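A.B. asks: Turn this into a model:
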Amino acid sequence: MDYKKILFASALSCFFAAPLFAQANPPWSKGANNPAANKGYVFQVDSVDNIPDLHGNPSDAKLVLFIGGNQFFVLPQLVSGFVKQHPEFSGHIFYETLPPGILRKQIANNNTLTLGNFTLQVQPDVYEAGARVLKQMEQARQVEIPVEYATNDLEIMVHAGNPKGIHSLNDLGRSDIKLSMPNPAWEGVARQIETAIRNAGGSALLHTVYQTKVADGSNYLTHIHHRQTPMNILQGKADAGVTWASEVKFQEKIGNPITGVAIPANQNAAAIYAAGVMRNAPHADAARAWVAYLTTPEAQAAYREYGFKSVPKNEK
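C.D. replies: Numbers count the residues shown, from 1 in each chain. Here you go, the predicted model:
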């Protein structure tokens, strides 16, 4: 029996029968920030060795960005647009798209991060996260005056066709619904989600979603990113989860069988994102140029393409 032929046929069958599943797994940006000439030997094994949140080469970086993970899908387009205006940075931008809280822990620990057997030490020039956090960092003199550049709303993410008939946040409390939700322990978005759930169904619904369903195993709390939620939905491990509207838009954009259920404005909880140049930025001029670029029409158009909105002028 030719096992090589069997394995090859099996792989082809999986590829052609379920091409969308492959798009559910990292790395999502497909190395868009790594110029082909600088990639060297490319080694990647799905679900084992892929490191989706470290982009580019830190060893010769002229600009280092620490950016909240829910913006990962916009970054390749932003970096490309920025480099067209500043070609001297081509191939010299390194950025991380880990959860904002993890990035702050990395900064607090001498800018050092360990992933398995790999330890990285790199000093950020720019930090991007929620405006509230950036304001606190400004007051602590960690960053220069923050610049607000985008907003985002919450949405309920479900499988295409909405087979479970989920139409509101109240449906998340149903016993037949399996959830995948951000962990309040380290994901800032959980704060907005808790507010939205309380707006929809009071403390009782919040208790059901974040305590009862967690205890009985019908609510999976994500370990790293709330973008684990679409992966869980695509793999049949969850029926729904609350994410940013931009993440639903991204999944639809790449062709995954994902759709969103809108949350009424009187229940929703929006976020405002801001960027700040680190006070000790090694590449301060480059950092200021990047932060200024975020508010340009080109960058704003990229954000809107993925479901983000511009910050109202009266809120800036």
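A.B. asks: Helix, strand or coil: sort out Val158 for me.
C.D. replies: Here Val158 is recorded as strand under DSSP: H, G, I helix; E, B strand; the rest coil.
A.B. asks: Okay, now the unreliable bits of this protein?
C.D. replies: Applying pLDDT under 70 to the chain flags the ranges 1-26, 28, 35-37, 314-316.
A.B. asks: how far does the longest helix belonging to it sit from the chain's center?
C.D. replies: Looking across the chain with DSSP state H, the single longest helix is helix 189-207. Counting by Cα atoms, centre = their mean, to the nearest Å, helix 189-207 is centred 21 Å from the centre of its parent chain.
A.B. asks: and what of stretch 160-174?
C.D. replies: Put simply, stretch 160-174 sits 23 Å off its chain's centre (Cα atoms, centre = their mean).
A.B. asks: Dump that stretch to CSV, restricted to CA.
C.D. replies: Taking C-alpha atoms only, stretch 160-174 is exported to CSV below (Å, rounded to 0.1, in the frame of the first residue of the first chain):
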residue,chain,number,x,y,z
ALA,A,160,-23.4,31.8,7.9
GLY,A,161,-27.2,31.3,7.6
ASN,A,162,-27.5,31.7,11.4
PRO,A,163,-28.7,28.0,11.8
LYS,A,164,-29.4,28.5,15.6
GLY,A,165,-31.6,31.5,15.0
ILE,A,166,-29.7,33.9,17.2
HIS,A,167,-31.2,37.3,16.9
SER,A,168,-30.2,39.2,20.0
LEU,A,169,-27.9,39.2,23.0
ASN,A,170,-30.6,37.6,25.1
ASP,A,171,-30.4,34.5,22.9
LEU,A,172,-26.9,34.0,24.2
GLY,A,173,-28.4,32.8,27.5
ARG,A,174,-30.2,29.9,25.8
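A.B. asks: buried sites along that stretch?
C.D. replies: Neighbour-count burial for stretch 160-174, counted by 16 or more other Cβ atoms under 10 Å, picks out Ile166, Leu169, Asp171, Leu172, Gly173, Arg174. Placement of C-beta: from N, CA and C, glycine included.
A.B. asks: same check, this time on stretch 188-202
C.D. replies: Buried residues in stretch 188-202, counting neighbours by 16+ other Cβ under 10 Å, are found at Gly188, Val189, Ala190, Gln192, Ile193, Glu194, Ala196, Ile197, Arg198, Asn199, Ala200, Gly201.
A.B. asks: for Val277, helix, strand, or coil?
C.D. replies: strand.
A.B. asks: bridging residues for it?
C.D. replies: Under the criterion DSSP bridges, Val277 forms beta bridges with Val126.
A.B. asks: Go through the buried residues of stretch 188-202 and name the one nearest Asp125.
C.D. replies: If you rank these by distance to Asp125 using Cβ to Cβ, Gly188 comes first, at 21.6 Å.
A.B. asks: show me where the stretch 51-200 of the chain has helices.
C.D. replies: Counting by DSSP state H, counting those that start in this stretch, the segments of the stretch 51-200 of the chain that form helices are 75-85, 100-108, 131-139, 189-207.
A.B. asks: Which strands and helices lie in contact with the third one?
C.D. replies: When you say that, I think you mean helix 131-139. Applying 3 or more Cβ pairs under 8 Å, 6 or more residues apart in numbering; DSSP states H and E, one finds that helix 131-139 contacts strand 126-130, strand 271-277.
A.B. asks: Turn the ones you listed into CSV, columns for distance to Leu75 and mean neighbour count.
C.D. replies: Conversion of the helices and strands packed on helix 131-139 to CSV gives the following (distance: least, Cβ to Cβ, whole Å; neighbours: other Cβ atoms under 10 Å):
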stretch, distance to Leu75, mean neighbour count
strand 126-130, 10, 25
strand 271-277, 12, 24
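A.B. asks: is it possible to export those strands to CSV including distance to Leu154?
C.D. replies: Formatted as CSV, the helices and strands packed on helix 131-139 follow (distance: least, Cβ to Cβ, whole Å):
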stretch, distance to Leu154
strand 126-130, 14
strand 271-277, 9
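A.B. asks: how about these, which one is nearest Met181?
C.D. replies: Short answer: strand 271-277, nearest of the helices and strands packed on helix 131-139 by Cβ to Cβ, at 16.3 Å.
A.B. asks: ok, back up a step: I'd like to know which of the helices and strands packed on helix 131-139 is closest to Ala262.
C.D. replies: Between the helices and strands packed on helix 131-139, strand 271-277 lies closest to Ala262; by Cβ to Cβ that is 16.4 Å.
A.B. asks: Could you report the distance from Pro312 to Ala150?
C.D. replies: 11 Å (Cβ to Cβ, to the nearest Å).
A.B. asks: Settle it for me: which of the two has more neighbours?
C.D. replies: Neighbour tally, Pro312 and Ala150, criterion other Cβ atoms under 10 Å: the higher count belongs to Ala150, 26 against 10.
A.B. asks: Could you report the distance from the more buried one to Val122?
C.D. replies: 25 Å.
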